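**Q** okay, structure incoming, though there's no sequence with it:
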C-alpha cells in the first residue's frame, strides 16, 4: 500500500562513502526550499564497509515518519540495488554510477534508470571522496531543486576545512547537476522546487534534541559511557562544556557513571546519565540508590533490540517493563516516553524539573529511531520554560532533617558545604538519615517516598495526547517513535484516532480508560514482542486489548503497515 | 571537641573492633584540621566500615556496596572546595568496586580514601576477602583460600595513585596525622589501614600486627615509584611497612577542568540557558 502524500529519496552505499552527510545535506536543501523532512538511517555495527542507507522523506507540510516505498534511489554500490530497488514504484528513479558494472537486470521496466559518471567526475576534480556530492548534484537536478541552495549548504558544511574543499564540492555538485539536467531533464520532478513561502526550520534527531534540552534546562553534570544509540548525546554535549559551564565525565563503566551523577547531584548539581538497555542493566542498582537517598537524577534510556548485545544499531521498544521494574523493592520512578525529537527536547527539560521537585530518578525513555532519525521542526522555543528546583535550600539550616516526614512526601533538600549536617543513606533511615530497622519508621519512610508519586500524579501528570477525531470507531494506542508513523497513517485513514501515551509512571489510568472505553475497536501498536504497554494498560485500567500489531525485527513500523493493519486487519 | 562530632547513634561494632580506632583517628584529625559540615563530605560503601557515618556528625552519603568512589568523585567534581573522604573496606573497595579504585587512581581525583583493611568480610559474618592470605580458612574457604591476595598499595601505585600510605588501627595518634597528610595531598590519596577483625579474622590480630609492622624512617624516599612498589609488595614476618610509601606531584583531575578552576560548579545555581547558538547548527 503506497502512501502518496510523501516522497522518499534514499541513498545507499558502504560505510565511509558519506551516505549520512549526503542525506543530511539533501534534507537541508528540502527545508530551505520550504519542505518538511524525515530522515531514517540504517547501518550495521561496524565503522568501514557494510551497507549503509539513509532515506529522506519529503512533503509540503510536516513529515513524521519514513516510508516503506522509495521513490528515488541513489545506489553507490550493487548492494543498494539488490536490497532496495524493489521499493521503487512504477516511474521511480534509480541513479547510479555510469562507470560501474551495476547490474540493473530484472528491475521493473518502468523505472527511470539514470546512469551518471560519478567516480569519473570526482576523479577529474581531484578526489574520489566527491562521488557522493556528484550524485547529490545529479539527484537535485532530477528533483527540481535549486543548485544555489546546495552550493550554499556545501560552503557551510565545509566552512572549517581548506577553501579548496568547498570549491571542489561545489564543482562536483554542479557537474552532477548539469549532467543529469542535460541527459534526463525531461523526466525531472518538482519535489524540491522552492515554495513561495519558506519558514525557518531546524533538522534535529533525538540525540541532538536531548543534548540541547539538557543544556537549556541548566544541566551541570553529565556522565555517559559510550553506547549505541545514545553516544551522540555525548558528542553533542562535550564541545559546549566550557562555554555553558558544565562538566562532562566519561566514566569507566555505567555503574560509575550513575554513581558519579548521584554524587554530583547530592552536591547540588543538575545531573544526567544516558545509556541503552545494556548499560541500564548496570545502572539498575544506582537507579534505586537515587530513589532511596532521594537524589534527583535524569536518566536517558535509548532502547535497542535485546537481549544481551542484540541488534546494536537497530530499534525496539523492549525496555518499558525493564525501566518500570528495575531494582529491588519499590521506590518512586517517573518515566516519560517522548514520541519524537521535539517531545524528547521538551520532556528532557521537564525531566530536570521533575527530578528536582520529586527528588527521585526521572527516566526519559527513547529508542534508536528517535535518537538517530532526523526530523524538521520550527526552531525550538524555550521562553515558556521555568526552571524549578523544588524544595531546595542552598544555605545553612538549623536542626536539619534530610528525610523529614511531610504530607506530600517531599522533604527540604540541602546540599553540602553550608554548615548543615546532612546524612543521605542507602540503608532505611529515620528523618535525620540515621540507619534504622524500626518497623514504624520503615513504614513511614516508605509511605513518604511513595507519596511523592501520588503528589506527582496530582500536580504534574503527563496526560496522553489524542490525535484525530475525539470519538472514532477505531482507536490506535501506542507510544514512543511509533507516533510519527501513526500520524502519517491517520492522514489517509477515516474514522480512526490515536491515543499517544507519554508517561509510564505515574500512569494516566483515568484518562486512558475513559478514552479507550469510547472506541469500538482498539488496536495496540508496539515495537516489541510482548505488548508491554498493552500489558501496562491492562494492569492499570483492567482493559484488555486483544488486537495487537507487534514488530520486533529492529525495523521501524511504517505508515503503510499501519494503514494495511487498520484496513485489512 | 571530639564529642561534638558524635551523633546520637551508639556504635554497633564488636567490642575491640579496629573500626573504633579508625573512627577516633578520623575525628581527631577532623578536629585538628577543622573539617566540618561547611567544608567536608564523607562517602562510605557497605560493610562494617560504613556504619561510621551514623556515628559521625559530618555531612555524608552512604552509598552502595563497592560504589563509594564514584559517588565521592561526583561530589568532588561538583564542589571542589569540599574535602571529600571515601570510607571503604577491603571487600567494598577491592572486591565489588575494584574497577573504580584503579580508574580513580589513574585520573588522580583529589580524594582521600581510607581503606579499612581487615582481610575478611565482617558484616556478612566471615568470608574470604581479596586481601585474605592464601590458605586462609573462613566460611567461604573451609579448606583454605586458594587465591593470592591483592597488595592494595601496589595496585594503587601501579594504577596511578599519587599518595599511598599504610596506617595501623592500633596507633590512633599516628593514624590521625597520616589522615591529615593524606587529605593535604592534592590528588588521589589512599591509606591502607590495617585493622584487626577480632571476631572473624584470627590471623591478622593485634598481636600479629604488633609483631610484624615497622615504620619507614627518614632515610626512605617516598618519591621513588619503583622503590615504593617494592615496599608495597613487602609483607611477612617483621616486614609490614607503615608510613607514606609513595608521594607524587601530578595535576589532579579537577585542576584540569578549566570551567571549574575559577570556582566550584555548584557555586552558581543552574539557570535556563539560551540555546540560539546551538539551534543555528541545525538550521
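**A** Nice, I can see it. What you see is a predicted model; the values in this text were computed from it and never measured.
**Q** what's near enough to touch the residue in the stretch 401-550 of chain A that chain B sits nearest to?
**A** The nearest approach of the stretch 401-550 of chain A to chain B comes at residue A:419, 4.0 Å away (Cβ to the nearest Cβ). C-beta coordinates here come from the backbone N, C-alpha and C atoms, glycine included. Residue A:419 sits next to A:396, B:36, B:37, B:38 when contact means Cβ atoms under 8 Å, 6 or more residues apart in numbering or on different chains.
**Q** can you give me the strands in the stretch 51-200 of chain A?
**A** A:72-75, A:93-97, A:112-116 (DSSP state E, counting those that start in this stretch).
**Q** winner for burial among those?
**A** Mean neighbour count (mean count of other Cβ atoms under 10 Å in any protein chain shown) peaks for strand A:72-75 among the strands of the stretch 51-200 of chain A, with a mean of 27.
**Q** tell me what it is packed against?
**A** strand A:7-15, helix A:78-84, strand A:93-97, helix A:131-142 (3 or more Cβ pairs under 8 Å, 6 or more residues apart in numbering or on different chains; DSSP states H and E).
**Q** from the chain's centroid, how far away is it?
**A** 25 Å (Cα atoms, centre = their mean, to the nearest Å).
**Q** swap in stretch A:219-235?
**A** In terms of Cα atoms, centre = their mean, the centre of stretch A:219-235 is found 14 Å from the chain centre.
**Q** what's the answer for stretch A:493-509, then?
**A** 18 Å.
**Q** ok, now stretch A:532-545?
**A** Centroid displacement of stretch A:532-545 relative to its chain, using Cα atoms, centre = their mean, is 25 Å.
**Q** up against chain A, what does the stretch 101-250 of chain B have?
**A** residue B:103 (Cβ under 8 Å from any Cβ of the partner chain).
**Q** can you give me the strands for the stretch 1-150 of chain B?
**A** So, for the stretch 1-150 of chain B - with DSSP E, counting those that start in this stretch - the strands run B:40-44, B:60-62, B:83-89, B:112-117, B:120-121, B:127-128.
**Q** turn these into CSV, columns for distance to residue A:426.
**A** Below are those laid out as CSV (distance: least, Cβ to Cβ, whole Å):
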stretch, distance to residue A:426
strand B:40-44, 9
strand B:60-62, 5
strand B:83-89, 13
strand B:112-117, 18
strand B:120-121, 18
strand B:127-128, 21
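**Q** let me have those strands in CSV, extended by mean pLDDT and mean neighbour count.
**A** Shown next, in CSV, are those (pLDDT from 0 to 100; neighbours: other Cβ atoms under 10 Å in any protein chain shown):
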stretch, mean pLDDT, mean neighbour count
strand B:40-44, 98, 27
strand B:60-62, 98, 28
strand B:83-89, 98, 29
strand B:112-117, 98, 28
strand B:120-121, 96, 28
strand B:127-128, 97, 20
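**Q** report the two of the contacts of residue A:419 separated the most.
**A** The largest separation in those, counting by Cβ to Cβ, is between A:396 and B:36 at 11.9 Å.
**Q** quick one: closest of the strands of the stretch 1-150 of chain B to residue A:452.
**A** Here strand B:60-62 is closest among those (Cβ to Cβ), at 19.8 Å.
**Q** now for the closest one, which elements pack on it?
**A** Using 3+ Cβ pairs under 8 Å, 6+ apart, strand B:60-62 sits against strand A:423-425, strand B:40-44, helix B:52-55.
**Q** okay, now the unreliable bits of the chain?
**A** If you meant another chain, say so; for now it's chain A. For chain A, the stretches flagged by pLDDT under 70 are A:1-4.
**Q** my question was about chain B
**A** For chain B, the ranges with pLDDT under 70 are B:1-3.
**Q** ranges for the helices of it?
**A** Counting by DSSP state H, chain B has these helices, from start to end: B:18-33, B:52-55, B:68-78, B:90, B:98-107, B:152-159, B:172-184, B:206-212, B:225-233, B:276-281.
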